[in-house]
Each structure stands twice: as structure tokens, then as C-alpha cells.
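Engineer: Can you look at this prediction? I've put the sequence above it.
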There are 2 protein chains.
Amino acid sequence: MYTEPTTFSAEEYFATQLPPPTLQQDVARVKEFVETHAKEARGVVLVTSGGTTVPLELNVVRFLDNFSAGTRGATSAEYFLKAGYAVIFMHRQFSLQPFSRHYSHSTNPFLDFLEIEEREGETTPTISVTPTKREHLLDVLSMYKKVHRAGTLHTLTFVTVNDYLWLLRAVCQEMSVLGRKGLFYLAAAVSDFFLPRQKMSEHKIQSGKGSLRIEMDQVPKILKPLVDEWTKEGFIVSFKLETDDKLLIPKARQALERYGHQVVIGNDLHRRKFEVVFVSRKNNSIDGTSSPSFEEHWIRIALPEDHHGPVHEGKEIEEDIVAELLRRHTAWIEKGNTTSP
Amino acid sequence: MYTEPTTFSAEEYFATQLPPPTLQQDVARVKEFVETHAKEARGVVLVTSGGTTVPLELNVVRFLDNFSAGTRGATSAEYFLKAGYAVIFMHRQFSLQPFSRHYSHSTNPFLDFLEIEEREGETTPTISVTPTKREHLLDVLSMYKKVHRAGTLHTLTFVTVNDYLWLLRAVCQEMSVLGRKGLFYLAAAVSDFFLPRQKMSEHKIQSGKGSLRIEMDQVPKILKPLVDEWTKEGFIVSFKLETDDKLLIPKARQALERYGHQVVIGNDLHRRKFEVVFVSRKNNSIDGTSSPSFEEHWIRIALPEDHHGPVHEGKEIEEDIVAELLRRHTAWIEKGNTTSP
């Protein structure tokens, strides 16, 4: 069966695809979180993180996915929290999360640094932390407990690109009450393609009938309605990942021209842990009288000796990314104050 | 560009696709592990676990994947270890692992049950385990330490279906020295389709040019050479996952007829945590004089009140699956002893 690919507008997308079953309760919690922190005049950032799936079957066995462990999002969320922001962390199920990311099951498994001690006079053994690991764990754990006590972290989970799109729209709409205090850090690796539910097969696609042919439609460019409708005053940061570094700056500029948001952070797949570029419009080109001109701001950190080593050793580039964004977000808020009546 | 799909035999596959770069060192370690446990006359089981990816680009951003958190494999590996087997745990990167599976970052995060205590007279605070969580953690941790001391668990990691196929062949060949003492528990959710490297695009596929069309070739049916060539005397268990339960038994029988191995464990996607079926040939049909007849052995466990609750509460079906397999494997080994000269 061959069906012509359809180009969906965002409006058509939401009119034809179904919302995830937990959407309403998720939104109610986000509303409450946003209201609490709006009252306390705290900056609120939405961090999206991890890849999205595109299921090939309604009873899903196979899916298309985007490469992402969620390191950028989870690490950045931690620095936003440290800076005093309230964070809505909207992440792919099983992708890395702030704090626990330091102890992934493969690179630094937590069972390896717990010890069983039989103490004299005690009937049950005691579990203790290996001395060499104690200091680092104490740092992470203290921050984790502090954030939980303060209630500044709210976690949302998605799996499919459809979950992601519905959640993103709803969260942005809830955050619009924050005005310029809302920051949007869209680090998730979102699929450009999807399979409308109307074209999905019900059951597992059987092999043994030759090759597999998949034809997918384009996901609507949701940055457009996000900027123009869902959250008009927010400070919006999107990401552009490329493997061909010649495309990085042109694609980032194209996105800014097309969607009119504030910053595109460009990163090359193989250099993303130690080099990124902020692409934004130059101040004097915002009035629209001249053709837009852009500026680039590179952030680089020194490569650790062994740059394949564990993430938690040495400086993380997200510290500088977040610091630079906070400067820009603060300026954005202040500009709003001076131009408002 | 349209290219005709190719049907690869296993031989053609390995002649045209590249081995993963770490294959040689992985195999050397498996060889050593197998030799150690062969000397001690211990049963050795290969457990494969988790899904495989099919990258769409050489610099991979997008990939096809198979749904699997790795619960079946990780849980079963634990029961094999408890029963005294040496386990080669060959799993998808970031899928669940024996022992640490009890503390996934989403359902039972370990940071939640650690507490910071400021004790009088001590300068640095102490980290302790929440009393209600202590007993369960002590069980898991004791078993984990015991297995590590005994050296009965060897872990291997794959990501792509190509990694998986090369590793599987090499491990089976190394395990063939075990004869009937080798058990193969192939629980990984392996893609039926792949994209030969000759057809992959070098860089990230650009969106904005309409829909995405993918055409994939069939992965060779490697159970055939596995049974006939790689490990002739091993006891081989494969899995069949379906979403349409009418297909379960017929597809399992078809696999046994086609590949001639010992057991297919069939499971329905939605019932797999509390119901599986062992499909095998009847004893009297092995001589090949009559058309093969099959028998089914169902294993079911009572559903916990809330079957969406955490995995570690209540009975796990893998306990019964492993117990049944150990009976059959022991019988297989004994039969080998009586028929050998």
C-alpha cells in the first residue's frame, strides 16, 4: 500500500493525533508548580531532554528513535537548579536525570560503592559507603535533598514524539503566565518524522515477507506556534545537532529567521561535550528594517586528558552554557521591565 | 535512489559487514571466562538481553530500535546465578542489569533511600540507608558481592544489531567447548531488519525534503548456523514475542521446525510478566521418522493486586522459567552422557 506523505501543520497535527492518556493530570501538576514559583517571583525553566520514539505499530514492538542519553538536559537542569531556578524537567523515560546521572548503571554503578560491615554487638550488618566515594556522593546527595525540600524540580516523562508534542504545547501554555520570566531550553532530540496513527499497523510487522519499507511524514515545525502563540514572551533556546560541521551555522541561522526565537545552540555530534556555539540575532537587526544579521558566541572547555572518561570528572560545558544563558535571560527580563508601561 | 533489497545468508552477512572494533578483546575475555568455568565443571549460560538498534546513518543520529527494557534477561540472569551457573550476560548498552535492575532511576531511585546524618563528634556527615529499605538492599547487595567474589558473571555490551550478530557468533563458538553444558538463553529483542553499511548515508538525514523513506533488508536467520555450526551440542532456547496471541504457538513451532533447536519460549507483549509458554518437540518425534509433533508447557504466576507496581514486589515469573529450564538442561546433559561412547 502506498500513501502519499502528508504535510501537517501544527493545527492539523493536534486535530488528527490523540493526546497521551495522562496529559490532563500532568498539566494540572505543572499548573500548580508554575503558580507556586510565579508567586515567589522565581525564574522557571522548561528543560526538555532525551530522544523521542516513533512507533511503527499500535501494539508497539519496533520504533524509530533519536540518539540521546539525555546528558545535556540532565546536566543543564542541575546547573539551573543550583542557580536558583525552578525546573520543569521533561524527559524521555529512562534517559538520564539530574543528580542520579552521576551513577549510571554502566559507568559508575552505585552497588559498587556500597559495603557490608558486620559490626560487633549488632545483629544485622550495616551498609556503608566506600570511603573514596563518600565525598562525591555527599555533594550530589546534599544538593538532591535540598532541591527536593525546596520543591524546585518537577519531572515529566514522555516516550513517543506524539507524547512530546502534546506535553510541550500544554506546558508552554501553562508557562505563558510567567511572561519574560519563563525560559525554554529545548534540548530533547526530537524526531523530524512520524507515522500518523492512521497509517500504523495494529500488530507487530511480520518478517519473512522480504524487506521492510517505511514511509514517514514530517513532524510539523512546532517552534513556529510555540513562539507566536503558545508563549509569546518567553526566552526560547533551541538546539541544532549536526554531524557535518559545515551545516551548523547556516542551519542555526535559518532556524532563527524562520521561527524568530532568541538563541540556537549549535553542536557537532562528536564535539558536543567540549564545544558549542550560541547563534542569535544582532541587537540592531531586531527592528526588521534591515536584513537580519547574526552573531556567534563560542563556548569551549579544555579537553580532559581522557575525554572518554566519566562525565563527573572535571569541568562540564553545561556550567558555562547555563551561566551564559542566565546572563541573557536576565537582560531579557530587564528589557521587558523598561519597555512595559 | 532505489536499490533492490538483498537477502543475505549468514555467511554473506559476515563477509560484507564490519565487525565491531572491540570484538577481539571481548572474545579473548569470554574465552578465559569459559575456560575457567569449564575446568570447574560448572554450567555456563549465555543470556542475551535488551533490544538492538539499526542505525540509519554512519554518523548515527537516528536508528530503528526494538522495544525492550531488558527485564526478562536481567531477571533471569539473577536466577541462573543463584542456581550456581556462570553467566555471560550480553546486553544492550543501558538496558537493565542483574542486581542493579532493582533500583532503576525512575521506579526506585537509590538516592531516595540514602540519608545524611550529622553525628555528634564527627566532622563529616554520615550517609546511611533508610531503615525501611535496608533489608531488601542488603539481600541484593549480598548476592551482588557474592557473585563478584565468585567471578561467575561476565558482562558484554552491544548497541547495534551488527554488534549483536558478530558478538553472538564469537561467543557461541567459544562456548562450543562446553558441549552439552552450554546453555543459550536468547532473550534479546533482535531486529529482523537492517540497513547494510553500503546503503547508509554518511551524515544526518536532512528533513525539509518531504517524507522519510527507509527500505531495510532482512537480517539473516542466524539460529540456523548457530544450531548447525557454531555450537552443535548446546541447549538452545529462543524467544518469540507477539502481539497477536493467535500467532504465538504456530510461529514457535515454525521456528523449531526450521532451526531444530530445543525450546521456544513464547510470550505475548501484554501478558509476558505473568504468562509464557514453552514449545518443544515431543521426545518420540526426534528420530525424524514421523512428522514432528510438539508439546506446550505453560507457566503462569498469580497476578499481583497491582500488576503495574514495582517489579521487585512479589513473585517473578523468571524464577519458574529458569527452574524449568534447569530441569531440562540437566536432562539434556545426562542424555549426552548415556549416548556418548
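Structural biologist: Happy to help now that I have it. Residues are numbered from 1 along each chain as shown, chains lettered A, B, ... in the order given.
Engineer: The closest residue to residue A:325 other than its chain neighbours - how many residues pack around it?
Structural biologist: Excluding the flanking residues, the one nearest residue A:325 by C-beta to C-beta, 6 or more residues apart in numbering or on different chains is residue A:237, at 6.5 Å. Every residue, glycine included, has its C-beta placed from N, CA and C. Per other C-beta atoms under 10 Å in any protein chain shown, the neighbour tally for residue A:237 reads 24.
Engineer: so what's residue A:237 bridging to?
Structural biologist: Applying DSSP bridges to residue A:237 yields these beta-bridge partners: residue A:185, residue A:263.
Engineer: residues contacting it?
Structural biologist: A:183-186, A:261-265, A:325 (C-beta atoms under 8 Å, 6 or more residues apart in numbering or on different chains).
Engineer: now, which of those sits nearest residue B:100?
Structural biologist: Of all those, residue B:100 sits closest to residue A:185, with 29.8 Å by C-beta to C-beta.
Engineer: just for the stretch 101-250 of chain A, where's the confidence low?
Structural biologist: A:205-209 (pLDDT under 70).
Engineer: can you give me the strands for it?
Structural biologist: A:114-117, A:126-129, A:153-158, A:182-186, A:193-194, A:212-218, A:235-242 (DSSP state E, counting those that start in this stretch).
Engineer: The longest helix anywhere in chain A: how far from the chain's middle?
Structural biologist: Longest helix of chain A, by residue count under DSSP state H: helix A:317-339. Centroid separation between helix A:317-339 and its chain, computed with C-alpha atoms, centre = their mean, to the nearest Å, is 18 Å.
Engineer: That one to strand A:235-242, inter-axis angle?
Structural biologist: On the basis of axes from the mean of the first three to the mean of the last three C-alpha atoms, to 10 degrees, helix A:317-339 is oriented at 140 degrees to strand A:235-242.
Engineer: what pLDDT, on average, does helix A:317-339 get?
Structural biologist: Across helix A:317-339, pLDDT averages out at 93.
Engineer: what's the answer for stretch A:282-298, then?
Structural biologist: Predicted confidence along stretch A:282-298 averages 72 (mean pLDDT).
Engineer: repeat for stretch A:255-270
Structural biologist: Rounded mean pLDDT across stretch A:255-270 is 95.
Engineer: next one: stretch A:39-52
Structural biologist: So the average pLDDT for stretch A:39-52 ends up being 96.
Engineer: Briefly note if it comes near chain B.
Structural biologist: No - legend: contact between stretch A:39-52 and chain B by C-beta under 8 Å from any C-beta of the partner chain is lacking; minimum distance shown is 8.9 Å.
Engineer: Using neighbour counts, pick out the buried residues of that stretch.
Structural biologist: A:43-52 (16 or more other C-beta atoms under 10 Å in any protein chain shown).
Engineer: and that stretch, how far from the chain's centre?
Structural biologist: With C-alpha atoms, centre = their mean, you get 9 Å for stretch A:39-52.
Engineer: Format the CA atom coordinates belonging to it as PDB.
Structural biologist: Extracted C-alpha coordinates of stretch A:39-52, given in PDB (Å, rounded to 0.1, in the frame of the first residue of the first chain):
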ATOM      1  CA  LYS A  39       4.200  33.800  43.400                       C
ATOM      2  CA  GLU A  40       7.700  33.600  44.700                       C
ATOM      3  CA  ALA A  41       8.900  35.600  41.600                       C
ATOM      4  CA  ARG A  42      11.400  32.800  40.800                       C
ATOM      5  CA  GLY A  43      12.600  32.200  37.200                       C
ATOM      6  CA  VAL A  44      11.200  29.000  35.800                       C
ATOM      7  CA  VAL A  45      12.900  27.000  33.100                       C
ATOM      8  CA  LEU A  46      11.500  24.100  31.000                       C
ATOM      9  CA  VAL A  47      14.300  21.700  30.100                       C
ATOM     10  CA  THR A  48      13.400  19.000  27.500                       C
ATOM     11  CA  SER A  49      15.800  16.100  27.300                       C
ATOM     12  CA  GLY A  50      16.400  12.800  25.600                       C
ATOM     13  CA  GLY A  51      15.200  11.300  22.300                       C
ATOM     14  CA  THR A  52      11.700  10.700  21.100                       C
END
